[in-house]
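S.K.: fold the following and give me the result.
(chains A and B)
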2 protein chains.
Amino acid sequence: MPAPLQNDSFLRACLRQPTDHTPIWLMRQAGRYLPEYNATRARAGSFMGLATSPAYATEVTLQPLERFPLDAAILFSDILTVPDAMGLGLSFAIGEGPRFATPVRDEAAVDALAVPDMDKLRYVFDAVRSIRQALNGRVPLIGFSGSPFTLACYMVEGAGSDDYRRIKTMLYARPDLLHRILAINAEAVAQYLNAQIDAGAQAVMLFDSWGGVLADGAFQAFSLAYTARVLAALKRQDADGQPVPCIVFTKGGGQWLEQVAALGPDVIGLDWTTDLGAARARVGDRVALQGNLDPMVLFAGEQAVRAEARRVLDRFGPPAGGGHVFNLGHGISQHTPPDAVSALVDEVHRHSRALRQGA
Amino acid sequence: MPAPLQNDSFLRACLRQPTDHTPIWLMRQAGRYLPEYNATRARAGSFMGLATSPAYATEVTLQPLERFPLDAAILFSDILTVPDAMGLGLSFAIGEGPRFATPVRDEAAVDALAVPDMDKLRYVFDAVRSIRQALNGRVPLIGFSGSPFTLACYMVEGAGSDDYRRIKTMLYARPDLLHRILAINAEAVAQYLNAQIDAGAQAVMLFDSWGGVLADGAFQAFSLAYTARVLAALKRQDADGQPVPCIVFTKGGGQWLEQVAALGPDVIGLDWTTDLGAARARVGDRVALQGNLDPMVLFAGEQAVRAEARRVLDRFGPPAGGGHVFNLGHGISQHTPPDAVSALVDEVHRHSRALRQGA
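M.R.: Modelled structure (predicted):
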């Protein structure tokens, strides 16, 4: 029997219900900019040691909440757990980012691909249960997954890429192969997120981190269509009938907002290139919006942080009806001074309350 | 007395006049994907040896025209010639890209900055004259410059960057310093492009390669405003009264098309994330459009190249009135097979003629 939620501002804003302040959480809020995170990671021995241990994952998930009065927690995990469970051999070379030992580059590799047994991802669901218990109702817990296309990028490229040449060559030369990968990914991601919801995730977020590298047309066929499949298969409420909001974030997807909104997510995440007011005018009657401060603002000192936070809140416009979740437009940089985050959270809470009182 | 122009399809399309086919040229068409370019570069000893020699620049500018029936030539030069002339000490370390010995990071460095004497850039204007002569009226010659903001990125970062942390920190913490850099850059770029026009450039292009990394709001204040200054100071015709079209290309700028169009360029360049038909509906009555094939299509084999080329032409829509310059949405990759370029140029010419006959 989970503890009752003490701060439901994030869930309410996702559902476009009124709140007394604009809730804030930060993508990658449990991460390398926090000395306590680095200490835990050192004890865990490696990033995967951290991510695969429910105890460590719980510890680092809660770290930013001890420092800052954030309005939501997000599961600490890696974006590539699902393809790792497919047997592609994930590793993290020092200073190099993720790498797959057996990337999916030809028909034989695609033939061998299957939706993984979710039991291989039990460590993630155990982490969700453990974090929910540790949170004890303080704030809601967000689960997440990479989108089918974003996972496919890593699976085909085998590592990060600056031009996505391998996956785009497959997309244009052998679209049938990529569609088969994406169909498997969509089914796997839906099962994965539903299992996170079963384990206690109170909202879920789909990170389409690389959808924005696609050409118009290709985005709709190879990213959006599979995000749609995930959404269609997703539980939208928990066992008690509580709604579980779903956030879709396509980095660089500002031109496709209407098309993402048409899939029916509860929230669309925006990077900093899109004006929040314009976005709200385009889709705000259908979905809530999450974002969208440039993470680099956090390097410019407290005065700038506070001014830019106010600017984002002001651009969203009058808060009547709510529907704004404050966030960065991308994950927080590892070099960020933690004091800047304190100023940001304080200003978002302070100014959004002031706006509501002025309204 | 320059030779009369034999193929004016590019200039006509820039000015939204009818053409019998859609003209095509490729960003970075003289480059490392061509074995003959690499041979010339080896003889020149270095990239800067190539770029600073009018004879070599002429040789490599003409190389792609010998292979492919392209409809325009573009000056072979580097995007960082202007800050180099400001004395920042440009160098190219092997495999590392450009680097400035003395980046502009504090008030003293900004104080020391000035519009360079255009005489230091004489090698560029000599190259323009030499290329015009060598072209002998075959196709028009495009001159170019980086935009004030894009130059500032390199000047402040000192090299490439994946997060633009230094320039964005300056932007948010000391906007006054960045505005001073940008004002100098805008004046320098306008003088630079006007001198290229005086030397014989028949069109000019402003590469705002990094404008798309800015937040909405910051883009308008720190990139667009200085593009506007350049456009306002630009000669729009040559000594004979011939119009010299101006192309503005903001990579990742699809959300800001109307605002770019309002500056009054002749042509807006588009990357592949923007649908050409939608762009035309938004701004097509005011400007021509250039683009926008994903350069990665060129790795997918001839059939895919031809199909995607047709798709781009079809998306632009009926050619009545013209106004489409075919291009990639970004520079051609150094790994591109030259045969793919042959197929692309052929298909653009063939299909665009067929479309006109069917219309």
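
S.K.: could you use CA atoms for every contact and neighbour count after this?
M.R.: Fine.

S.K.: can you pull the contacts of A:Gln290?
M.R.: By CA atoms under 8 Å, 6 or more residues apart in numbering or on different chains, the contact set of A:Gln290 is A:267-270, A:324-327.

S.K.: mind redoing it with 10 Å?
M.R.: Contacts here follow CA atoms under 10 Å, 6 or more residues apart in numbering or on different chains; on that basis A:Gln290 touches A:13-14, A:23-25, A:247-249, A:267-271, A:276, A:323-329.

S.K.: same question, A:Thr81
M.R.: A:48, A:51-52, A:90, A:120-121, A:124, A:145-146, A:151, A:192.

S.K.: of those residues, which is the nearest to chain B?
M.R.: A:Leu151 (19.2 Å; CA to the nearest CA).

S.K.: what's the burial count for A:Gly241?
M.R.: Counted with other CA atoms under 10 Å in any protein chain shown, the neighbours of A:Gly241 add up to 8.

S.K.: so which strand or helix has it?
M.R.: Counting by DSSP states H and E, no helix or strand carries A:Gly241.

S.K.: quick one: it from A:Ile197, how far?
M.R.: In this view, A:Gly241 and A:Ile197 are 12 Å apart by CA to CA, to the nearest Å.

S.K.: out of the contacts of A:Thr81, which is most surrounded?
M.R.: Among those, A:Val124 has the most neighbours (other CA under 10 Å), with 27 neighbours.

S.K.: ok so it is a helix residue?
M.R.: Yes - according to DSSP: H, G, I helix; E, B strand; the rest coil, A:Val124 belongs to a helix.

S.K.: contacts only, for it.
M.R.: By CA under 10 Å, 6+ apart, the contact list for A:Val124 reads A:51-54, A:57, A:75-78, A:81, A:118, A:130, A:143, A:192, A:195-196, A:199.

S.K.: I'd assumed A:Gly212 was in contact with A:Gly252.
M.R.: Yes - counting by CA atoms under 10 Å, A:Gly252 touches A:Gly212, with 4.4 Å between them.

S.K.: okay, those two: which has more neighbours?
M.R.: Counted by other CA under 10 Å, A:Gly252 and A:Gly212 do not tie: A:Gly252 has more neighbours, with 24 against 20.

S.K.: now the stretch 151-300 of chain A, which segments are flagged as low pLDDT?
M.R.: Within the stretch 151-300 of chain A, not a single segment meets pLDDT under 70.

S.K.: just the contacts of A:Thr81: which are in helices?
M.R.: Applying DSSP state H to the contacts of A:Thr81, the entries found in helices are A:48, A:51, A:124, A:151, A:192.

S.K.: got the confidence number for the third one?
M.R.: At A:Val124, the predicted lDDT confidence score is 98.

S.K.: any idea how far B:Met170 is from it?
M.R.: Distance of A:Val124 to B:Met170, computed by CA to CA: 40 Å.

S.K.: do the same with A:Ser77
M.R.: Distance, A:Ser77 to B:Met170, using CA to CA: 33 Å.

S.K.: and those two? which has more neighbours close in?
M.R.: Using other CA under 10 Å, the more surrounded residue of A:Ser77 and B:Met170 is A:Ser77, with 25 against 20.

S.K.: now the helices for the stretch 1-150 of chain A?
M.R.: Applying DSSP state H, counting those that start in this stretch to the stretch 1-150 of chain A gives helices spanning A:9-14, A:35-44, A:47-51, A:54-67, A:81-83, A:107-111, A:122-135, A:148-157.

S.K.: weakest of those by average pLDDT?
M.R.: helix A:47-51 (a mean of 89).

S.K.: would you mind pulling the contact partners of that one?
M.R.: Against helix A:47-51 from outside (CA under 10 Å, 6+ apart): A:37, A:40-44, A:56-60, A:75-78, A:81, A:90-92, A:94, A:123-124, A:127.

S.K.: one more pass at 7 Å, please.
M.R.: Residues from elsewhere that reach helix A:47-51, judged by CA atoms under 7 Å, 6 or more residues apart in numbering or on different chains: A:41, A:44, A:56-57, A:76-78.

S.K.: who wins on neighbours among the residues you listed?
M.R.: Result: A:Phe76 is most packed of the contacts of helix A:47-51 (other CA under 10 Å), 28 neighbours.

S.K.: got the buried residues for stretch A:152-164?
M.R.: Buried residues in stretch A:152-164, counted by 16 or more other CA atoms under 10 Å in any protein chain shown: A:152-159, A:164.

S.K.: now, among those, which is nearest to chain B?
M.R.: The nearest member of these to chain B, counting by CA to the nearest CA, is A:Tyr164 at 8.0 Å.

S.K.: spit out the contact partners of the closest one.
M.R.: A:Glu157.

S.K.: for chain B, what are the nearby residues on chain A?
M.R.: Those residues of chain A that sit near chain B, judged by CA under 7 Å from any CA of the partner chain, are A:165, A:168-169, A:172-173, A:214-216, A:255, A:272-275, A:294, A:296-297, A:299-301, A:304.

S.K.: could you flag which of those are buried?
M.R.: By 16+ other CA under 10 Å, the residues of chain A next to chain B give A:165, A:168-169, A:172-173, A:214-216, A:255, A:272-275, A:294, A:296-297, A:299-301, A:304 as buried.

S.K.: which ones among the residues you listed lie within helices?
M.R.: Per DSSP H, the subset of these in helices is A:165, A:168-169, A:172-173, A:304.

S.K.: out of these, which two sit at the greatest distance?
M.R.: Greatest spatial distance among those (CA to CA): A:Ala173 and A:Ala304, at 47.5 Å.

S.K.: if I read this right, A:Ala186 contacts A:Ala228, doesn't it?
M.R.: No - contact criterion CA atoms under 7 Å: A:Ala186 and A:Ala228 do not qualify, at 8.8 Å.

S.K.: more neighbours, these two?
M.R.: When A:Ala186 and A:Ala228 are compared on other CA under 10 Å, the one with more neighbours turns out to be A:Ala186, at 25 against 17.

S.K.: hmm, who's touching the helix or strand hosting the more buried one?
M.R.: Counting by DSSP H and E, the element that carries A:Ala186 is helix A:175-199. Helix A:175-199 is contacted from outside by A:107, A:110, A:114-116, A:118, A:125, A:128-129, A:143-145, A:148-149, A:152, A:170-171, A:204, A:226, A:229-230, A:233-235, A:238, using CA under 7 Å, 6+ apart.

S.K.: try it again at 8 Å.
M.R.: Contacts to helix A:175-199, defined as CA under 8 Å, 6+ apart, come from residues A:82, A:106-107, A:110, A:113-116, A:118, A:124-126, A:128-129, A:143-149, A:151-152, A:170-171, A:203-204, A:222, A:226-227, A:229-231, A:233-235, A:238-239, A:244.

S.K.: those residues, buried ones only, as a PyMOL selection?
M.R.: Filtering the contacts of helix A:175-199 down to the buried ones (16+ other CA under 10 Å) takes a single PyMOL command:
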select buried, chain A and resi 82+110+113+114+115+116+118+124+125+126+128+129+143+144+145+146+147+148+149+151+152+170+171+203+204+222+226+227+229+230+231+234+235+238+244
